[in-house]
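[1] Generate coordinates for the sequence data below:
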Amino acid sequence: MLYSILRSEWYKLRKSKIGFIILAAPLVGLFAGLSSGLADGMGEINGWYASLMAMTLTYALLFLPLVTGVLAGFICRYEHQEGGWKQLLSLPVTRGRVYIAKFLLIMSLVFFIQLLFLGSLYLVGTIKGITDPFPMTIVWKSILGGWVATFPLVALQLWMSMMWKSFAAPFTVNVIFTLPAILAVNSKTFGPVYPWGQPFLMMYAGGGTDAVFFVPWEQVLTIVGGSFLLFFVGGLIYFQRKVV
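    Sure thing, here's the model as predicted:
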């Protein structure tokens, strides 16, 4: 049953021309990597490592948190039009499975976007002629860390997108909280506890490379894991009680 809901959600999402949003990820990374001179000024540091840090600055700090709101808005947009929620929930499906299917689909798309970012990193290195060994462990830690960091953001954005019919409303809230992340990540006090700053902190290889996802394990469990549970359960309870 869950697989059928996922297929249905994917079919509706494909009709919304989401491909333009997904393809923006490698373009953002490619532009940031090619236009940055960070790798040139870091001396003997691995060129791939330096390029990854340069690309992460724009991609993980702004694009990745914002795209979660866009995807959540698109995946609920069809139901907000012409009584879509009533039509969907009149089918022999449970609200819980619908909610989980939408969340899983968004997270799958975010993971695919992360893979495209990985491809753009490889393309940047190829164009720049980087001959240093490819730091596979560090790069995959960055890719997976950024993906894990979006779990609470996706849960919150899905909650707000189900609550508000306006596509602009949840996206505006996301922008309002994403922009302060630029300052928050530079603070030792607010950075580790600010959910919108976690994608950058968990992708930026300039931190401690020995730590899990470049941040302390306690931060992953409490901030990312705790906020994810709060937003996911809150959104699920709201959807279970939502009047359609």
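[2] and T189, helix, strand or coil?
    coil (DSSP: H, G, I helix; E, B strand; the rest coil).
[3] Tell me, how many residues neighbour it?
    Residue crowding around T189 was assessed by other Cβ atoms under 10 Å; the count is 8. No exception for glycine: its C-beta is placed from N, CA and C like everyone else's.
[4] tally of neighbours for T150?
    Neighbours around T150, by other Cβ under 10 Å: 28.
[5] what sits against it?
    L64, P65, T68, M107, V110, P199 (Cβ atoms under 8 Å, 6 or more residues apart in numbering).
[6] Quick check: of the residues you listed, which lies closest to E9?
    M107 (12.3 Å; Cβ to Cβ).
[7] isn't that closest one right up against V154?
    Yes - using Cβ atoms under 8 Å, M107 is in contact with V154, at 6.0 Å.
[8] picking up where we left off before, tell me the one of the contacts of T150 nearest A205?
    Nearest to A205 among the contacts of T150, with distances taken as Cβ to Cβ, is P199, at 13.4 Å.
[9] And that closest one, how close does it get to Y122?
    P199 sits 20 Å away from Y122, going by Cβ to Cβ, to the nearest Å.
[10] what do you get for L57?
    L57 is 18 Å from Y122, by Cβ to Cβ.
[11] higher neighbour count, the two?
    Using other Cβ under 10 Å, the more surrounded residue of L57 and Y122 is L57, with 17 against 14.
[12] In this protein, spot the helix with the most residues.
    Looking across the chain with DSSP state H, the single longest helix is helix 95-128.
[13] What are the buried residues along it?
    95, 98-103, 105-107, 109-111, 113-114, 116-118, 120-121, 124-125 (16 or more other Cβ atoms under 10 Å).
[14] quick one: low-confidence ranges for this structure?
    Low-confidence segments of the chain, defined by pLDDT under 70: 1, 36-44, 82, 206-211, 244.
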